[in-house]
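> could you work out the structure for the sequence below:
(one chain, ligands or ions: 3)
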Amino acid sequence: MDDKGQITRDGIRIYQEADFAGMHAAGKLAAQILDEVAEHVFPGQTTGEIDRMIEEKVNAAGATSATIGYKGYKHASCISINHVVCHGIPGDKKLKDGDILNIDVTVIVDGWYGDTSRMYVAGKLSRKSERLIEITHDALMKGIEAVKPGNTFGDIGYAIQSFVEANRMSVVRDFCGHGLGRVFHAPPNVLHYGRPGSGPTLEEGMFFTIEPMVNLGRPETKVLADDWTAVTRDKSLSAQFEHSVGVTANGVEIFTLSPAGKFHPTY
Ligand code: MF3
Ligand code: CO
Ligand code: CO
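Ligands and ions are numbered 1, 2, ... in the order given. Predicted coordinates:
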């Protein structure tokens with residue numbers, strides 16, 4: 001084994017015990033920034049201003065934004081409102097009362113990547129949006145519960161998909177989670193749907209994200225002319241939550257836990 005560590009036959013890097021501390025620090029900063037941004041989400045606020053504050057917080061922490069300069073992307077966050085599934089670009093658009101939005105932040109701390117997103121509401125949350133957000137959050141947590149050595153990536157996808165569909169919502173297929181660590185996007189593709197026992201087997205030391213996108217309507221998406229913004233084809237509302245996790249000897253460590261306990265939508 002060289003000093004880069006092991007790679008499985010599926011191309012998945014196995015990190016060492018000491019590497020968990022690096023991921024913990026990066027994940028904690030990303031989560032803390034999402035905590036701090038909550039009070040700045042309100043009707044009339046622009047997503048550009050929220051992004052500007054996020055960039056400032058990343059810099060103030062002495063960290064680096066992983067998204068600025070990534071494939072030509074220019075912002076420190078993705079902000080995806082209502083029927084935007086993911087990769088919404090911050091801008092001059094003002095939030096309206098009842099808008100639901102995902103804010104996704106990825107930071108680099110000492111070379112380690114922390115990637116997390118969660119849902120927010122501007123003003124008053126409707127019952128139907130609340131239900132979508134709650135199911136999406138719980139779907140992520142059910143996926144995380146399936147993370148332990150010996151289970152497979154298909155077990156994660158199955159846990160998410162079966163829960164979402166039992167609640168008569170749909171799982172987006174066009175985007176997936178990803179390995180991360182000292183890089184932003186690495187093998188494997190972490191699918192949010194699948195069959196029990198399918199896919200690579202989980203091993204201690206694997207680091208990856210789980211980031212299900214759930215639609216109230218059909219799962220199909222399309223990307224707008226800006227080449228980033230993904231929306232639901234049927235214009236139905238979409239929600240997403242994302243954690244960065246590591247497989248431990250007995251289960252899972254969530255690197256992006258909210259220091260303020262503000263991840264769950266009913267905080
Ligand atoms: N943070 C996103 C993810 O979860 C990726 C955003 S890439 C960007 O993988 F360029 F759009 F910011
Ligand atoms: Co991600
Ligand atoms: Co992300």
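
> mind checking how far residue 261 is from residue 77?
Using C-beta to C-beta, to the nearest Å, we find residue 261 at a distance of 21 Å from residue 77. (Glycine included, C-beta is placed from N, CA and C.)

> tell me which of these two has more neighbours.
In this view residue 261 and residue 77 are compared by other C-beta atoms under 10 Å, and residue 77 has more residues nearby, 28 against 9.

> just checking, the more buried one touches residue 51?
Yes - if you go by C-beta atoms under 8 Å, residue 77 and residue 51 touch, sitting 5.0 Å apart.

> for residue 240, phi and psi?
phi -150, psi 140 (degrees, to the nearest 10).

> near ligand 2, which residues of the stretch 51-200 of the chain?
Within the stretch 51-200 of the chain, the residues that sit near ligand 2 (C-beta under 5 Å from the ion) are residue 115.

> adjacent strands (with direction) for the helix or strand bottoming out on mean pLDDT in the chain?
One helix or strand of the chain scores below all others by mean pLDDT, DSSP states H and E: strand 6-7, with a mean of 96. Next to strand 6-7 in the sheet, as set by DSSP bridges, lie strand 13-14 (antiparallel).

> show me what the next helix or strand after the strand it pairs with is packed against.
Next along the chain after strand 13-14, taking DSSP states H and E as the criterion, comes helix 19-37. Judged by 3 or more C-beta pairs under 8 Å, 6 or more residues apart in numbering; DSSP states H and E, helix 19-37 is in contact with helix 47-60, strand 100-109, strand 112-121, strand 243-247, strand 252-254.

> okay, those in JSON lines with mean pLDDT, mean neighbour count and distance to ligand 1 next?
Formatted as JSON lines, these follow (pLDDT from 0 to 100; neighbours: other C-beta atoms under 10 Å; distance: least, C-beta to the nearest ligand atom, whole Å):
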{"stretch": "helix 47-60", "mean pLDDT": "98", "mean neighbour count": "18", "distance to ligand 1": "11"}
{"stretch": "strand 100-109", "mean pLDDT": "99", "mean neighbour count": "25", "distance to ligand 1": "4"}
{"stretch": "strand 112-121", "mean pLDDT": "98", "mean neighbour count": "26", "distance to ligand 1": "5"}
{"stretch": "strand 243-247", "mean pLDDT": "99", "mean neighbour count": "26", "distance to ligand 1": "9"}
{"stretch": "strand 252-254", "mean pLDDT": "98", "mean neighbour count": "18", "distance to ligand 1": "15"}
